[in-house]
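>>> what would the 3D arrangement of this be:
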Amino acid sequence: MDSVDDVMQALAAHDEAVERCGRTIWVGAEPTYTDRNSETPQWLFNALGDDKLQRGQRMLKRIAEANPGAAVLHCVGRQYSGEPCPRWSLGLYLRRDGHPIWQGPPDVLLLDADDANQTTVAMSESFAAALTTVLNSIGLTAATLDAPLANRVVFRTDDAAPVTDVTEQPLLKRPSLHGEQVEGAEVTDSLADSGTYLVVASDTDEGLRIELPRVRSVDEFERLLSAVSTAARQSEVPAILLSGFPPPVDSTVAWTTITPDPAVIEVNMAPVGSATDLLARLRELAAAADDEGLATYRLQYNGVESDSGGGGHITFGGIDPSSSPFLTEPSLLSSLVRYFNRHPSLSYLHAVDSVGSDSQAPRVDETLSQALPELSLALELLSRVENPLPETIWGTLAPFLSDPSGNSHRAEINIEKLANPYLGGRGRLGLVEFRALRMAADPETMASLAALFRAIVAMLAEYPTSEPLIDWGESLHQRFSLPYYLQRDLQEVLADLESHELGLAGPLVERVLCDRHRLLKACELGPLRVELRRAVEFWPLVGDVATQERGGSRLIDSSTSRIEIRMRSAGPESLDDWTVSVGEWLIPLHEETDDEGALRLSGLRYRSFVPLGGLHPTLGAQSPLTLTLSHPSEGTWQITLHEWHPLGEPYPGLPSTIDEARERRAARCVVKKIDGPPAALTPPPAEAVGKCVVDLRWQ
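I've put the predicted structure just below:
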């Protein structure tokens, strides 16, 4: 594989190609990191617990130290159903022009251990008095509340005097935002909505904690931060912790957050205007995560390579909502929906392990059976509207870009932050998020994928498509479950980009086509080269799904596995007369070609284990799975695929490296030559044979 420097050069060429199109397409990412050596609940399925907060804090510290002049904010996070309080959210807020936005005392996270032990000084009331003076000096009207609320400052940005009587305005004595449940789509500040802003100071063991109000304007928020920093210096505050409502964001500032999610720490990166900048930021995050012992992947005991568990979403838009290409080019989103429909590789090749209609990011044609003709009509009607409003674009397509239950968050093409009137300010950001992506193993691969999707967006913005939607039918979960067809489809996408002068250079192509994590075994059986790969499987939800919707995760039946067997000649010999069988079934093979020449392939679906709860309770496990490959003159071989150690032995621990994981994976495929041809074979029954995959569960 090419060096990381080659990737940076290839990304620079991609940036130049997009710029030549005259398009400004900003890109953001949501990388996720896990402790791949931990098997505690917080790193397997829970969002909160143990040391996840502390490790997130140390990650933020490393990033903040590389960005002097930024403000560290400990804001209230998202509130999820079933959780008693909002999650924590750590953020870095900085100006894009490089000028410092914070010049006050250091955040408590940036202190050395010895300094942190010296910050326990009671100064909340003196700070509040100083802040009141500073706010009045810069043209605001501010006042300190009477004891016992003398640690609270109330101010207004107009000429009106702020109300200080708590009997007249009970919200002035409201409890901390961080301990309250969030009602509705986002956290709200009723006081701020009425023009009254409340700042609360409190003494903690760590230092002075300041709870900031909701401020709508970046300019006003900068004024407030400046006033707080001045008052803190005047009060000789040794360390500070800025908390409260999330800050406002516009084109002048960058806002990066670190938050908890099931099994991972998630980073919502500030968007950037180029793929090269994205790679630089991803490398900074990767270094910070690595210092904390966090990784982008997990290695299972049996050698399976999984992603972090949180996915690796990529987001596109503009530097601000008004410049988003999805709003400045009204046909772009429709073209994107059509293009993704016609190229399933964009949905599956780099997807997480759980895909399909019940997944976190289903395709539009995986939902209700009647969705495709209705979507076709919706696209046609939208095309007849000249310069549709953002709300019209969103309202037309949002019902289709959702999962079968109507959840618009769970969609491969997620537009809940495009022009959504139901999510407050965060629903009108002009953003489109691609969610059907596993977390890439390294920054270079994630940046390569971002370049791929960004090039597609640029192409469709310049050359809209009105090609009709394809009803793939059975082929969607048959043909496109196999890595061979996914790679071939993606090669068509790459050729399409090339023809529109947006092609990706070799180092990027190598990474977007790579599926090394799927390879189970590569071997030579005499003159025959054989490769076994994990194929894409579509796991269903089971149990009380309606109840599960209220929780953080849902129960799926993951007991079904799918593999692809790919065969080619190691020399000039023909592939004719080679047979593949499982038990008494003769497996049909499909003739194909690639850059290396002719090949034969097929897909096999089987039950790898019996789940505690799932479909088909009377169906036993079909593991180990034995394939017999035979030729009249070349002999007969058996490949036995074990789900665990072939001898049933325990592994000494998790694999320490990816190479060790791949060795374990290959060792689970036991190859031996046997005497004589296989017994009499019969074709599988019709109900077991799909277009490209044989379902062995019918055996």
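
>>> what residues are up against residue 387?
If a contact means CB atoms under 8 Å, 6 or more residues apart in numbering, then residue 387 has residue 330 as its contacts. The C-beta positions use only the backbone N, C-alpha and C, and glycine is treated the same way.

>>> and what of residue 664?
Residue 664 neighbours (CB under 8 Å, 6+ apart): 301-303, 651, 655.

>>> now residue 359
Residue 359 touches 352, 403, 410, 436, 538-539, counting by CB under 8 Å, 6+ apart.

>>> now the closest residue to residue 292 other than its chain neighbours: phi and psi?
Of all residues not flanking residue 292 in the chain, residue 55 sits nearest, at 4.9 Å (CB to CB, 6 or more residues apart in numbering). Residue 55 has phi and psi values of phi -70, psi -30 when expressed as degrees, to the nearest 10.

>>> please apply the same query to the one 5 residues further on.
Residue 60 adopts backbone torsions of phi -60, psi -40, taken as degrees, to the nearest 10.

>>> just give me the neighbour total for the residue nearest to residue 292.
21 (other CB atoms under 10 Å).

>>> what of the one 4 residues further on?
Residue 59 has 23 neighbours, counted by other CB under 10 Å.

>>> surely it is in contact with residue 258?
Yes. Counting by CB atoms under 8 Å, residue 258 is a contact partner of residue 59 at 5.9 Å.

>>> give me the contact list for the helix or strand residue 28 falls within.
Here residue 28 sits within strand 26-30, counting by DSSP states H and E. By CB under 8 Å, 6+ apart, the residues outside strand 26-30 that reach it are 266-275, 278, 282, 311-319, 431, 446, 450, 454.

>>> and the lengthiest helix in the chain, how far out from the chain's middle?
Determined from DSSP state H, the single longest helix within the chain is helix 443-462. Its chain's C-alpha centre and that of helix 443-462 lie 15 Å apart, by CA atoms, centre = their mean, to the nearest Å.

>>> need the residues touching each of residue 59 and residue 258.
265, 267.

>>> for the residue nearest to residue 292, list the residues it contacts.
Applying CB under 8 Å, 6+ apart, the residues contacting residue 55 are 35, 265, 292-294.

>>> tabulate these in a markdown table, adding columns for pLDDT.
Formatted as a markdown table, the contacts of residue 55 follow (pLDDT from 0 to 100):
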| residue | pLDDT |
| --- | --- |
| 35 | 97 |
| 265 | 97 |
| 292 | 96 |
| 293 | 96 |
| 294 | 98 |
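
>>> buried subset of those residues?
Applying 16 or more other CB atoms under 10 Å to the contacts of residue 55, the neighbour count classes 35, 265, 292, 294 as buried.

>>> once you drop chain neighbours, what's closest to the last one?
By the measure of CB to CB, 6+ apart, the closest residue to residue 294 outside its immediate chain neighbours is residue 33, 3.9 Å from it.

>>> what of residue 487?
residue 513 is the one closest to residue 487 (CB to CB, 6+ apart), at 5.8 Å.

>>> and for residue 266, the neighbour number?
Neighbours around residue 266, by other CB under 10 Å: 22.

>>> if I look at residue 89, how far off is residue 350?
27 Å (CB to CB, to the nearest Å).

>>> same thing with residue 180?
39 Å.

>>> more crowded one of those two?
Between residue 180 and residue 350, counted using other CB under 10 Å, residue 350 has the larger neighbour count: 25 against 14.

>>> returning to that earlier point: buried ones from the contacts of residue 359, can you make that a PyMOL selection?
Command for PyMOL that selects the buried part of these, burial taken from 16+ other CB under 10 Å:
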select buried, resi 352+403+410+436+538+539
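
>>> got JSON lines for the contacts of residue 359, with pLDDT too?
JSON lines is the format used below for those (pLDDT from 0 to 100):
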{"residue": "352", "pLDDT": "89"}
{"residue": "403", "pLDDT": "84"}
{"residue": "410", "pLDDT": "86"}
{"residue": "436", "pLDDT": "92"}
{"residue": "538", "pLDDT": "94"}
{"residue": "539", "pLDDT": "91"}
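
>>> columns distance to residue 24 and secondary structure on top of the contacts of residue 359, output as TSV?
Below are those laid out as TSV (distance: CB to CB, whole Å; DSSP: H, G, I helix; E, B strand; the rest coil):
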residue	distance to residue 24	secondary structure
352	30	coil
403	31	coil
410	29	coil
436	25	coil
538	37	strand
539	39	coil
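
>>> which one of the contacts of residue 359 is nearest residue 133?
Set against residue 133, the nearest of those by CB to CB is residue 410 (50.5 Å).

>>> nearest spatial neighbour of the closest one, chain-adjacent residues omitted?
Per CB to CB, 6+ apart, closest to residue 410 is residue 403, 4.0 Å.

>>> just residue 525 next, same as before
residue 637 (4.5 Å).

>>> for the one you found, give me the pLDDT.
Residue 637 is assigned 96 on the pLDDT scale.

>>> pretty sure it sits against residue 677.
No. Using CB under 8 Å, residue 637 is not in contact with residue 677; the gap is 11.5 Å.
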